[in-house]
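Student: Fold the following for me, if possible:
(chains A and B)
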2 protein chains.
Amino acid sequence: MEFSQYLPIWDKLTPDQQNRIAQAIDYRKVSKGTFIHDSSADCLGLLLIRSGQLRTYILSDEGREITIGRLFQYDVCLLSASCVMPDMQFNIMIEAEKDSEFWSIPACLFKNLMDASLPVANFANGLISGHFSDLMWLMEQIMWKSLDKRLAAFLLEESALEGTSTLKLTHEKIAAHLGTAREVVTRMLRYFQGEGMVKLGRGTVELTDLPALKKLDP
Amino acid sequence: MEFSQYLPIWDKLTPDQQNRIAQAIDYRKVSKGTFIHDSSADCLGLLLIRSGQLRTYILSDEGREITIGRLFQYDVCLLSASCVMPDMQFNIMIEAEKDSEFWSIPACLFKNLMDASLPVANFANGLISGHFSDLMWLMEQIMWKSLDKRLAAFLLEESALEGTSTLKLTHEKIAAHLGTAREVVTRMLRYFQGEGMVKLGRGTVELTDLPALKKLDP
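Tutor: Numbering: from 1, shown residues only, chains lettered A, B, ... in the order given. Model prediction:
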């Protein structure tokens, strides 16, 4: 029952509730690049991340993407169980950015627990508040922050996540994270290269002047 | 105790909880233009709207605005009590767009009720889910929808709210709603005027071709 460490309210559940979760919970191990969830097609349930890195994003009718957030070990994600929340109408995708392991608690069971248990209801409150706060942060970035700053912040974050200054990333991929067009990213990266902040290779971006990048995103 | 009609879970509260709300609830009547709330400065509490029209918006460091949503009669707003939600860090403003009346339940009392009452906790869940959904919708608009469509949709919505096709709105004000620059709005409105869709006056925008505007925002 290792998963219980990944569910912060485990100790506040009754033995019966714990049993129902233990019987219904699903464990999955997926490789990098696996598409995990499309909330228009199904309602996966509450995700408990054991390892790896997942990306949540939205998709326009024309196929443009923007990254909403990332999930790491010990993160709990309710966006994959949006059907349990009243008045939730939107379409969130989830994919594995690295080899990943996670558990999922079926949406209908989680909904039952929310309706029966005060700790679960308030736990869900905290999760959805956190998701709201992340989305608000992202919107402020998009609205008020210029693309050079967002790009610098994204490259620095990737570098920290991958533990390397040479990132394997196409311009297309970066554009999908930032919700903009590939051409715009290419232009900005060339400008960064001209300033000596990055060195562009075939499918790679090498960060060559971290202090200058950090200055862009203080 | 007229306010109890505006709080959907009133009947699910204990008499003691009802009493505590009745003693702590605050009623306010404000004129059009009154600034009501800045979540960086205080935590007003849960709002129950009795009449009028309120606008929630965010503000950039440079003073740019974008409208997040509108509140009308029977709406309940939790964004003005963001301090009761864990992990909520953002700054939301609220102002009256028309003469308005509302009640507020102090944030600390509402937090106590959430911690003690399952119906209140799940009611809060519904509210925050609704706010999340609205924000997601807005973000999709901003990301994927071109400004001409957003402007047409805004003018049509204003016209419906005000019950007139001649809107008293400066270009500045429209820009603040849409989160863009005044110059951009002026250019687009002139284009609309050239197409015969609007007629611009001093501080007014008259909608002269509703079908054409509706075609832009189907």
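Student: quick one: the strands in chain A?
Tutor: A:26-30, A:35-38, A:46-51, A:54-59, A:65-71, A:76-77, A:93-96, A:100-105, A:166-168, A:198-201, A:204-207 (DSSP state E).
Student: want to try JSON lines for those strands, with distance to residue B:211 as columns?
Tutor: Quick note: C-beta positions are derived from backbone N, CA and C, even for glycine. Listed next are those as JSON lines, based on distance: least, C-beta to C-beta, whole Å:
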{"stretch": "strand A:26-30", "distance to residue B:211": "50"}
{"stretch": "strand A:35-38", "distance to residue B:211": "36"}
{"stretch": "strand A:46-51", "distance to residue B:211": "46"}
{"stretch": "strand A:54-59", "distance to residue B:211": "31"}
{"stretch": "strand A:65-71", "distance to residue B:211": "33"}
{"stretch": "strand A:76-77", "distance to residue B:211": "44"}
{"stretch": "strand A:93-96", "distance to residue B:211": "36"}
{"stretch": "strand A:100-105", "distance to residue B:211": "48"}
{"stretch": "strand A:166-168", "distance to residue B:211": "50"}
{"stretch": "strand A:198-201", "distance to residue B:211": "49"}
{"stretch": "strand A:204-207", "distance to residue B:211": "49"}
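Student: which parts of the top helix by length along chain A are buried?
Tutor: When chain A is parsed with DSSP state H, its longest helix is helix A:118-144. Using 16 or more other C-beta atoms under 10 Å in any protein chain shown as the test for burial, helix A:118-144 gives A:118-136, A:138-140, A:142-144.
Student: where in chain A is pLDDT low?
Tutor: A:86-89, A:218 (pLDDT under 70).
Student: got the residues of it near chain B?
Tutor: Counting by C-beta under 8 Å from any C-beta of the partner chain, the residues of chain A close to chain B are A:58, A:60-62, A:64, A:66, A:85-90, A:114-118, A:121-122, A:124-126, A:128-133, A:135-140, A:142-144, A:179.
Student: Could you dump the strands of chain A into JSON lines and include mean neighbour count and distance to residue B:97?
Tutor: Putting these into JSON lines (neighbours: other C-beta atoms under 10 Å in any protein chain shown; distance: least, C-beta to C-beta, whole Å) gives the following:
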{"stretch": "strand A:26-30", "mean neighbour count": "14", "distance to residue B:97": "48"}
{"stretch": "strand A:35-38", "mean neighbour count": "16", "distance to residue B:97": "38"}
{"stretch": "strand A:46-51", "mean neighbour count": "21", "distance to residue B:97": "39"}
{"stretch": "strand A:54-59", "mean neighbour count": "20", "distance to residue B:97": "29"}
{"stretch": "strand A:65-71", "mean neighbour count": "19", "distance to residue B:97": "30"}
{"stretch": "strand A:76-77", "mean neighbour count": "22", "distance to residue B:97": "36"}
{"stretch": "strand A:93-96", "mean neighbour count": "21", "distance to residue B:97": "36"}
{"stretch": "strand A:100-105", "mean neighbour count": "22", "distance to residue B:97": "42"}
{"stretch": "strand A:166-168", "mean neighbour count": "15", "distance to residue B:97": "46"}
{"stretch": "strand A:198-201", "mean neighbour count": "16", "distance to residue B:97": "46"}
{"stretch": "strand A:204-207", "mean neighbour count": "18", "distance to residue B:97": "46"}
